[in-house]
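A.B. asks: no sequence on hand, only this structure:
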């Protein structure tokens with residue numbers, strides 16, 4: 001059986017080749033466009049299978065409504081959530097339903113291009129994209145600071161009058177060191193949304209000169 005091309009008259013071959021080249025060019029453009037549409041993806045793991053078939057939510061940090069919340073189901077201790085386009089480049093919280101939040105800690109996740117690896121557990125974590133790595137660094141430093149301050153304040157309450165001055169000085173020193181470290185994180189990220197978010201939480205602890213440098 002003759003091919004379709006062989007059945008065309010010679011005069012039609014040049015026109016057919018032109019149409020074929022044009023169609024191929026269109027396909028390449030469509031393929032390139034599809035490939036350059038990068039998603040914000042959140043992939044997560046959980047400690048065991050007791051949460052299978054439950055729902056994981058990505059909730060906007062501000063202005064959350066039923067229309068702006070993204071969600072997916074847990075399957076075999078894992079989940080994969082593609083953030084909606086209208087939530088791209090926004091801060092959000094990965095969380096589960098209220099009865100499970102004692103076991104699975106909420107975790108801040110910035111919906112940026114790429115794949116964020118989330119571990120949901122009693123202490124949750126998120127990493128894998130530039131700004132989420134910054135968030136995780138800040139969170140780990142804050143957890144350490146909170147732990148140190150809790151212990152020092154407990155000691156201060158139990159101390160006698162002779163020891164209180166020394167403990168109070170240590171509290172102030174730990175606080176100064178922490179806020180200097182956070183200030184550096186913010187300065188390095190003052191032009192992105194994560195830096196602005198961290199700054200909003202700590203602004204009251206900075207001097208007017210430091211605030212001016214950031215703003």
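C.D. replies: On my side now, so go ahead. The model shown is predicted, which means the values in this text are computed figures rather than measured ones.
A.B. asks: and the pLDDT for residue 202?
C.D. replies: On the pLDDT scale, residue 202 is placed at 93.
A.B. asks: not counting its own residues, what contacts whichever strand or helix holds it?
C.D. replies: Per DSSP states H and E: residue 202 is located in helix 193-202. Helix 193-202 is contacted from outside by 61, 89-91, 110, 131, 134-135, 138, 179, 182-183, 185-190, 214, using Cβ atoms under 8 Å, 6 or more residues apart in numbering. To be clear about C-beta, it is placed using only N, CA and C from the backbone, and glycine gets the same treatment.
A.B. asks: so what's residue 211 up against?
C.D. replies: residue 203.
A.B. asks: could you look up the SS state of it?
C.D. replies: Counting by DSSP: H, G, I helix; E, B strand; the rest coil, the backbone at residue 211 sits in helix.
A.B. asks: ditto for residue 115
C.D. replies: Following three-state DSSP, the label given to residue 115 is strand.
A.B. asks: now it. Nearest residue, chain neighbours left out?
C.D. replies: Leaving out its chain neighbours, the residue that sits closest to residue 115 by Cβ to Cβ, 6 or more residues apart in numbering is residue 41, at 4.5 Å.
A.B. asks: which parts of whichever strand or helix holds that neighbour are buried?
C.D. replies: In this assignment (DSSP H and E), residue 41 forms part of strand 40-45. Residues of strand 40-45 classed as buried by neighbour count (16 or more other Cβ atoms under 10 Å): 40, 41, 42, 44.
A.B. asks: which of these has the weakest pLDDT?
C.D. replies: Scoring those by pLDDT puts residue 40 last, at 92.
A.B. asks: any idea how far residue 52 is from residue 95?
C.D. replies: Taking Cβ to Cβ, to the nearest Å as the measure, residue 52 falls 17 Å from residue 95.
A.B. asks: do residue 185 as well
C.D. replies: Residue 185 sits 24 Å away from residue 95, going by Cβ to Cβ.
A.B. asks: check residue 68 too.
C.D. replies: Remark: distance between residue 68 and residue 95 (Cβ to Cβ) = 14 Å.
A.B. asks: so between those two, which is more surrounded?
C.D. replies: residue 95 (19 against 16; other Cβ atoms under 10 Å).
A.B. asks: the helices in the protein, which residues?
C.D. replies: Along the chain, counting by DSSP state H, helices occupy 4-7, 10-35, 130-158, 161-188, 193-202, 208-214.
A.B. asks: mind listing what's buried in the helix holding residue 202?
C.D. replies: Result for helix 193-202 [16+ other Cβ under 10 Å]: buried residues 194, 195, 197, 198, 199, 202.
A.B. asks: with distance to residue 143 as added columns, please give those residues in a markdown table.
C.D. replies: Formatted as a markdown table, the buried residues of helix 193-202 follow (distance: Cβ to Cβ, whole Å):
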| residue | distance to residue 143 |
| --- | --- |
| 194 | 17 |
| 195 | 19 |
| 197 | 17 |
| 198 | 14 |
| 199 | 19 |
| 202 | 15 |
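A.B. asks: what's the closest of those residues to residue 153?
C.D. replies: Of all the buried residues of helix 193-202, residue 153 sits closest to residue 202, with 19.0 Å by Cβ to Cβ.
A.B. asks: ok so, going back, among the helices of the chain, which is the most enclosed?
C.D. replies: helix 193-202 (a mean of 17; mean count of other Cβ atoms under 10 Å).
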